[in-house]
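Asks: Structure for this input, please:
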Amino acid sequence: MFGWGVRCDYTEQQCGAYAPGDIVLGILGSVHSKVKDLEARIRPDEYTCTDFDLMSFVHTLAAIHTIETINDSGFLPGIKLGYLMCDPCAYATKALHCVEQTLAVNGSFPVLSDYSNFTSTVKVFLGERYSELSIPVAKLLSLYMIPQISSTSSSPALSDKSRYASFFRVIPSDVHQTKALAKLMKYFNWTWVGVVTLDDDYGKPALENFLTNSGKEGICVEFPEVLPNYLGSVNIEQRIKQVADSIRNSTAHVVLLILRPEHVEMLFKEMIKTNTTRIWIASDAWCTARFLMTMKDINKVGEIFGFTFLTGKIPGFEDYLKNLVIRPGVRNDFIREYKQLRFNCSQQLEHTSPSACSVTDPQKENDDYLLRSVDLSEAYNQRVAVYAIAHAIRRLLQCTDTACSGDTNLLPWQLVSILREISFTLDNQTYSFDEYGDFENAYELISWKNNGDERLLEVVGKYLIKNEAIEVYDNKIPWTNKTVPLSRCSEPCPPGTEKSISNIPCCYECTNCTEGYYSNETDQLACKKCPVGYSSLSGWTECQKLKIWYLEWSAAYPTVVMIGTVIGVLLLVFSFTVYILHRENPIIKDTLVISCLMKFGLMVSFGGVILFLGDPNDPICRAQQTMYGLGFTLCVSCILVKAVHTFIAYMSFNPDRKRRLSKFDQPFVIIGLLTVIQALICIFWMVSDCVKVEVTPSQTQPLTLNRLCTQGSTYYGFGAMHVYIALLAVLCFLLAFKVRDSETEPIVFSMLIHLFAWFCFIPVYITQDELRPIVQISAIMVSNYGVIFCHFAPKWFKIFSEKTETKTAVKTPVDPLTDDHDSGMGCTVRSNEAVSMRSVSQNRFSFAESETSNWDINSLQLSEVSFGSIRRRRSRRQRPRSL
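Replies: Next up, the predicted model:
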């Protein structure tokens, strides 16, 4: 067949290994990691590769071992798979050179307008390891629709089938890896991190995707540093030192390294020099790099975590590496080079065996060095990639258990359509490519566990792509003091506070929750509002049930109010009793009705005070204001009648004016009219702007709601009621003050007390909502007691004083010719005088108590006739008293 005739006619650098077969697989493996003098290159001459890379070498061996295993197993009956391997030396341009030489027909590269019937020796490519190389190769191979399957290139760009139509990979895209990395940091609450990446097609998209995913998880990047991808770059060592300084000077304790293993090695050496420790997050490119695990002082760098693809054990691969030989008819210059490095005594290099000088033929020697230097599980995906190709070929060639009927000189594009649809099982695991040519299985979370002076890998979790969920086996992570280290821009906000975020979301200040809000968790973005009926103080971690405050009966102030009210009522009852018992007394006789109305008004006012106490409701709120307003208006109206009557009597020096004013001296009409006006005000108030109960937060008592009566939404009715009473009080005061004698003093002082009390009440009432009922009660009590002690108490004193004087006069002899009156005047009584002593005495008391009124006009006329001469001689301060 055609495949059996394949051979490598190129230089050793271009074609390092090959094996003949019916169908040949191309292998792109960067066994060397550098190209010598690349930056000084000015001619398109041959590349010289350096720095043998054990990891890439083992990867290529895993592919070769799997191909040989398939050939030996009869999986493709009658078909032998061959391979042709080229080393791109981790350089993209050389990778294209490898593809060009591999696809060349008779030494020249074909240029056609239609490649549908194009065929070449190599039907499919394995590799490359790095995305930086896979991307240009995938672009070129998409022209021919030759399938390329990678087991390590994870750049998200390669999922774009419009640009890389024939590219496949047996791993997930870095889109999922960056999600996993962000969720890992979120899980441990590492919100302030640094990132170091490469300036290639692997590092740039990975950084971009990580920034997007980390932002969604609330993670901020303190610094993103970029290193040259090419290890032979002139300034790479300088950049490594600069990045190391950035890490040392940063406050981020977690650093994500999206680098190649060689870059990580150089960076770790710089960090070890200053004993700088961090928590390092590894990308899949170096997460399982064994040579890093065994580097000197690796335990000084700190904890290392990373995600790697789901791996497994390649059957027989360990024995294959321990007995590494080149089969007959096969060429493999890379195995020869490795053995020369390992067992050549003339040059003591990094990989040279201690027993090299005792070896006679290096090519015949073997040991377990590769098993100790490389994590073999990382190469497992090479096995999966080869088997994916084998299953596609098996279907295309219509193979059975005994034979394959198809033509081995197949067209490469035919494999592309099959790979997109194929589903196969390997090692009890089912695999298939998604619409983007990727695998969507899972990641394993790896921790680098201390093992003496080295590190060992331990699986401590996993990330499920389909669920986008991370699982961490916390019991396998031995944190110091069993405490997860912090990596934050700001200290955690304790319960009772919330974050006050600055321009950077992860940098914030902790501010206490305001009243009515709480936080019971660390680092809450915003405090939670307390449920209805509950509240909290500033900085609280929980809510407490609100207390309802009102003037409780058992409280101190209501107790004082009740005592004061009872005393006031008892005084009114006592006064009423005295007045009834002494109703014939000239002091009381003609003012009895008016005084009783005043007492009734005060009783109603005291009743309104009682309604201020206890748990209020809407009817009680209306009643307390109405009772006070009507009761005290009735009282002040009675006082105004007395003031009017006194003022009219004062106008006796002007008979014409007195006569005109006398028609207004209608006591019960005035009292009724003034009280009805107040009743109309109260009715209008209650109808248009109704008083009701309102529950409001207390300004002075924490966690308390005040259950108080409002005075309406506009206060118009409340103000009208009090202004009306105040106008009546002012009118009383002015009339009484105009007269200014001892009989008007009770009116003057009682009204001054009332006005003063309410003037003091108004500013407090406006500014202190919680004190309104207390202040109003106090003002009402002061006003009520002012009337009692100014109007009624003096009458009690006079009544009891006269009673005492009468008893004393009965016991003491009196000169019959002398009459010692209050006026201080003497009067000689003759036998022929028409008026008896009893009459004179009685009229004297009638005069003294100002009994002259419209409702006792006869007495008034008698007084004026009998004592006209006396009245004309009285001083101004001895004018008739008010009612």
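Asks: Now do the end-to-end distance for stretch 226-244.
Replies: From its first residue to its last, stretch 226-244 covers 12 Å (Cα to Cα, to the nearest Å).
Asks: The stretch 301-450 of the chain: strands as residue ranges?
Replies: In the stretch 301-450 of the chain, the strands defined using DSSP state E, counting those that start in this stretch lie at 304-309, 331-332, 423-426, 429-432, 442-451.
Asks: ok, the second one: who's next to it in the sheet?
Replies: Within its sheet, and counting by DSSP bridges, strand 331-332 is paired with strand 17-19 (antiparallel).
Asks: show me what contacts the closest residue to Asn344 other than its chain neighbours?
Replies: Leaving aside its sequence neighbours, Asn344 sits nearest to Pro362 (Cβ to Cβ, 6 or more residues apart in numbering; 5.6 Å). In short, each C-beta sits where N, CA and C put it, glycine included. Pro362 makes contacts with 339-340, 342-344, 356, as judged by Cβ atoms under 8 Å, 6 or more residues apart in numbering.
Asks: Now with 10 Å, please.
Replies: Counting by Cβ atoms under 10 Å, 6 or more residues apart in numbering, Pro362 touches 336, 338-345, 353, 356.
Asks: Helix, strand, or coil at Lys462?
Replies: strand (DSSP: H, G, I helix; E, B strand; the rest coil).
Asks: So Tyr550 sits against Tyr557, correct?
Replies: No - Tyr550 is beyond contact range of Tyr557, at 11.4 Å (criterion: Cβ atoms under 10 Å).
Asks: if you count what's nearby, which of the two comes out ahead?
Replies: More crowded of Tyr550 and Tyr557, by other Cβ atoms under 10 Å: Tyr550, with 20 against 14.
Asks: Tell me how far that one lies from Trp479.
Replies: As judged by Cβ to Cβ, to the nearest Å, Tyr550 and Trp479 stand 56 Å apart.
Asks: before we move on, what about Ile762?
Replies: Per Cβ to Cβ, Ile762 is found 68 Å from Trp479.
Asks: More neighbours: which of the two?
Replies: Ile762 (14 against 11).
Asks: list the contacts for that one?
Replies: Ile762 makes contact with 719, 722, 726, 775, 779, according to Cβ under 10 Å, 6+ apart.
Asks: which one among those gets closest to Ile610?
Replies: Ala779 (15.5 Å; Cβ to Cβ).
Asks: Look up which helix or strand the closest one falls in, please.
Replies: Using DSSP states H and E, Ala779 sits within helix 772-787.
Asks: Let me know the average pLDDT across the helix or strand harbouring Thr646.
Replies: Assigned by DSSP H and E, Thr646 belongs to helix 618-650. Helix 618-650 carries an average pLDDT of 87.
Asks: Mind jotting down where the strands sit in the stretch 151-300 of the chain?
Replies: Under DSSP E, counting those that start in this stretch, the stretch 151-300 of the chain gives strands at 167-169, 192-198, 220-227, 254-258, 279-282.
Asks: need those in a markdown table with distance to Asp297 and mean neighbour count, can you?
Replies: Putting these into a markdown table (distance: least, Cβ to Cβ, whole Å; neighbours: other Cβ atoms under 10 Å) gives the following:
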| stretch | distance to Asp297 | mean neighbour count |
| --- | --- | --- |
| strand 167-169 | 35 | 27 |
| strand 192-198 | 20 | 25 |
| strand 220-227 | 21 | 19 |
| strand 254-258 | 17 | 28 |
| strand 279-282 | 14 | 23 |
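Asks: export those strands to TSV and tack on distance to Arg239 and mean pLDDT?
Replies: Shown next, in TSV, are those (distance: least, Cβ to Cβ, whole Å; pLDDT from 0 to 100):
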stretch	distance to Arg239	mean pLDDT
strand 167-169	29	94
strand 192-198	10	94
strand 220-227	5	93
strand 254-258	14	95
strand 279-282	18	95
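Asks: Put together a markdown table for those strands, with distance to Phe52 on each row.
Replies: Below are these laid out as a markdown table (distance: least, Cβ to Cβ, whole Å):
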| stretch | distance to Phe52 |
| --- | --- |
| strand 167-169 | 25 |
| strand 192-198 | 21 |
| strand 220-227 | 22 |
| strand 254-258 | 23 |
| strand 279-282 | 23 |
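Asks: wait, which of those is closest to Phe737?
Replies: strand 220-227 (79.0 Å).
Asks: Quickly run through the sheet partners of that closest one, with directions.
Replies: The pairing partners recorded for strand 220-227 under DSSP bridges are strand 192-198 (parallel).
Asks: and the partner strand with strand 254-258, angle?
Replies: The directions of strand 192-198 and strand 254-258 differ by 20 degrees, with axes from the mean of the first three to the mean of the last three Cα atoms, to 10 degrees as the criterion.
Asks: For the remainder of this discussion, apply numbering that starts at 6.
Replies: Got it, first residue is 6 now, which makes that one strand 197-203.
Asks: next one: strand 197-203 to chain centre, how far?
Replies: Taking Cα atoms, centre = their mean, to the nearest Å, one finds the center of strand 197-203 at 28 Å from the center of the full chain.
Asks: picking up where we left off before, out of the contacts of Ile767, the closest to Pro497 would be?
Replies: Scanning the contacts of Ile767 for proximity to Pro497, where the rule is Cβ to Cβ, the winner is Val780, at 48.0 Å.
Asks: low pLDDT regions in this protein?
Replies: 6-19, 657-659, 662, 669, 746-747, 814-888 (pLDDT under 70).
Asks: repeat that for 50
Replies: 6-18, 819-888 (pLDDT under 50).
Asks: quick one: secondary structure of the residue most central in space within it?
Replies: The geometric centre of the chain, computed from its C-alpha atoms, lies nearest to Ala531 (Cα atoms, centre = their mean), at 1.9 Å. Following three-state DSSP, we place Ala531 in the coil state.
Asks: Excluding sequence neighbours, find me the nearest residue to it.
Replies: Glu503 (5.3 Å).
Asks: Which residues does the helix or strand where the one you found lies contact?
Replies: Using DSSP H and E, Glu503 sits within strand 502-506. Strand 502-506 has contacts (Cβ under 10 Å, 6+ apart) with 495, 497-498, 510-519, 522-524, 527-533, 543-544, 546.
Asks: contacting residues for Ile599?
Replies: Counting by Cβ under 10 Å, 6+ apart, Ile599 has contacts 642-644, 646-647, 650, 672-673, 676, 887-888.
Asks: at 7 Å what do you get?
Replies: Contacts for Ile599 were tallied using Cβ atoms under 7 Å, 6 or more residues apart in numbering; they are 643, 646-647, 672, 888.
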